[in-house]
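> please find the sequence and the predicted model below.
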Amino acid sequence: MKEIDVTRVTETVERLCIEANTDLGEDVENAFRTMAETEVSPTGKEVLGLLLENAAIARREKMPICQDTGLAVVFMEIGQEVHFTNGDLEAAIHEGVRRGYQKGYLRKSTCHPFTRKNIGDNTPAIIHYKMVPGDNVSITIEPKGGGSENMSRVVMLTPSEGIEGIKAYVIQRVRESGPNPCPPIVVGVGIGGTFERAAFLAKKATLRPIGTKNPDPELEALEKEIHEAVNRLGIGPAGLGGKTTALAVHIEMMPCHIASLPLAVNIQCHAGRHKKATL
Amino acid sequence: MSREITLQTPLSDSDTTPLRIGDRVLLSGIVYTARDAAHKRLVDLMDSGKPLPFDLKGAVIYYVGPAPAPPGKPIGSAGPTTSYRMDAFAPRLIAAGLKGMIGKGARADTVIEAIKTFKAIYFGAIGGSGALIAQSIVASEIIAYEDLGPEAIRRLEVRNLPLFVVNDTYGGDLYKEGVEKYAE
């Protein structure tokens, strides 16, 4: 049994919220550079250059990469040998978000769904828990912006639509999203499970570092095929035309009900922000 | 291929009519920020015949909800939000004198039509480049609806704000034409 004081959770969440929003991952910047070399649209090439400049300014000035610093999506992996002390774990996570968004000069974007009144401190966080063996706790923060989230969908396909139906739906979703989700995007795809699990898988898929392979060769091939297809749509960087519409397509899959074929597409803007820490 | 043009607010027909889609514009002067909630309030004021918090004639509205200003800076990260959410309100404002809009993403046909009719202009800013855009904002002041937080109306003074012309006074649409050019 390992004891972890929940104030450590608060401190870690606070730090990760600020880091994720100001320090873009190396995988994303590398993808901008690689894509800028192959982008045929002069405007597209220029936009990719501006995004690299933006990331550099954000890091240097400790300023958010994007003013939409998102809802704080928190992935907790909790070792089953861990015992949290000194308070309520969930309250500690929300407190970390509250402090991080205040101290980091991050925008507070949570509001009441009807009145639209801003909550004022960017809580509540969206928290996903997973119990795992061992005595470690890992915390991943993914600030998720509204523009790309608005372009995301869950659909229950019929099993007969199969893999061709999946491909067609994902490509159509990217086409209809056009410039709105701030391309070049990362397309997170969740296949299988139930209605809500497909959405979770799609979100989780956006966390995989760009440039890493899917361990399942069948899915790796499917990712490549969809990626090439969406980059033929012509949307390009910032949607101003070009070949770089998606930086990556990532798929997570699990078995589903014999009657169903759940599919979720979670679109991540080019600011693919996430940071992880282990306690 | 694209030209670079410098413009100063307020804008008039002689500023907007030479612009063509794809032109790069460096905009200086005053722009007002407004998003969904502020647009709703502006249109409600117009409906009840009350004065607006700023003069719409020749004005430019930037669809942005900036991040808070860190110490020593006029503003935080300040990139564009997606424009379609303002489409229901934009034609009313354009008819009342609004000349320019800055955002990201495609506009409804009703907005494109109003842009043509009233010789207005829609600029695209690069979404997700909020730290870079903040470097072009030299002053910021809340002038209305402070209760809306990031969605309050701000008066921004900008210097060489980098923009692309997306919808021009001739009905052109860069999102449509740019994408058609590179689609296979």
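Yep, it's here. Residues are numbered from 1 along each chain as shown, chains lettered A, B, ... in the order given.
> hang on, isn't residue B:161 packed against residue B:126?
No. In this structure, residue B:161 is not within contact of residue B:126 by Cβ atoms under 8 Å, at 11.0 Å. (C-beta placed from N, C-alpha, C; glycine too.)
> shared neighbours of the two, which are they?
Jointly contacting residue B:161 and residue B:126 under the rule Cβ atoms under 8 Å, 6 or more residues apart in numbering or on different chains are residue B:133.
> which residue packs closest to residue B:139, ignoring adjacent ones?
The spatially closest residue to residue B:139, leaving aside those adjacent along the chain, is residue B:157, at 4.0 Å (Cβ to Cβ, 6 or more residues apart in numbering or on different chains).
> that neighbour and chain A, how far apart?
18 Å (Cβ to the nearest Cβ, to the nearest Å).
> wait, a helix at residue B:28?
No. Assigned with DSSP: H, G, I helix; E, B strand; the rest coil, residue B:28 falls outside any helix and is strand.
> tell me the bridge partners for the residue nearest to residue B:139.
On the basis of DSSP bridges, residue B:157 is bridged to residue B:30, residue B:139.
> mind listing what it touches?
For residue B:157, the residues meeting the contact criterion (Cβ under 8 Å, 6+ apart) are B:29-30, B:137-140.
> any chance of CSV for the residues you listed, columns neighbour count and pLDDT?
Putting the contacts of residue B:157 into CSV (neighbours: other Cβ atoms under 10 Å in any protein chain shown; pLDDT from 0 to 100) gives the following:
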residue, neighbour count, pLDDT
B:29, 16, 98
B:30, 15, 98
B:137, 23, 97
B:138, 13, 97
B:139, 13, 97
B:140, 19, 97
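> can you give me the strands for chain A?
For chain A, applying DSSP state E gives strands covering A:2-5, A:71-79, A:82-85, A:126-132, A:137-144, A:153-157, A:185-193, A:246-256, A:261-268, A:275-278.
> could you dump those to a markdown table with mean pLDDT?
Shown next, in a markdown table, are the strands of chain A (pLDDT from 0 to 100):
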| stretch | mean pLDDT |
| --- | --- |
| strand A:2-5 | 97 |
| strand A:71-79 | 98 |
| strand A:82-85 | 98 |
| strand A:126-132 | 98 |
| strand A:137-144 | 98 |
| strand A:153-157 | 98 |
| strand A:185-193 | 98 |
| strand A:246-256 | 98 |
| strand A:261-268 | 98 |
| strand A:275-278 | 98 |
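> closest to residue A:64 out of the ones you listed?
Distance to residue A:64, taken as Cβ to Cβ, is lowest for strand A:137-144 among the strands of chain A, at 8.7 Å.
> tell me what that closest one is packed against?
Where contact means 3 or more Cβ pairs under 8 Å, 6 or more residues apart in numbering or on different chains; DSSP states H and E, strand A:137-144 is packed against helix A:6-22, strand A:71-79, strand A:275-278.
> to chain B, which of these lies closest?
Evaluated with Cβ to the nearest Cβ, the helices and strands packed on strand A:137-144 place helix A:6-22 nearest to chain B, the distance being 8.4 Å.
> any idea of the angle that closest one forms with strand A:137-144?
40 degrees (axes from the mean of the first three to the mean of the last three Cα atoms, to 10 degrees).
> all helices for chain B, in order.
In chain B, the helices defined using DSSP state H lie at B:13-16, B:36-47, B:90-95, B:109-117, B:130-134, B:174-182.
> returning to what we had before: indicate which one of the strands of chain A is closest to residue B:175.
strand A:185-193 (15.3 Å).
> contacting residues around residue A:49?
residue A:36.
> repeat that for 10 Å
Applying Cβ atoms under 10 Å, 6 or more residues apart in numbering or on different chains to residue A:49 gives the contacts A:32-33, A:36, A:39, A:237.
> got a winner among these for most neighbours?
Within those, residue A:237 tops the neighbour count with 31 neighbours, counted by other Cβ atoms under 10 Å in any protein chain shown.
> might one say that that residue is in contact with residue A:40?
No. With contacts counted by Cβ atoms under 10 Å, residue A:237 stays clear of residue A:40, the gap being 11.4 Å.
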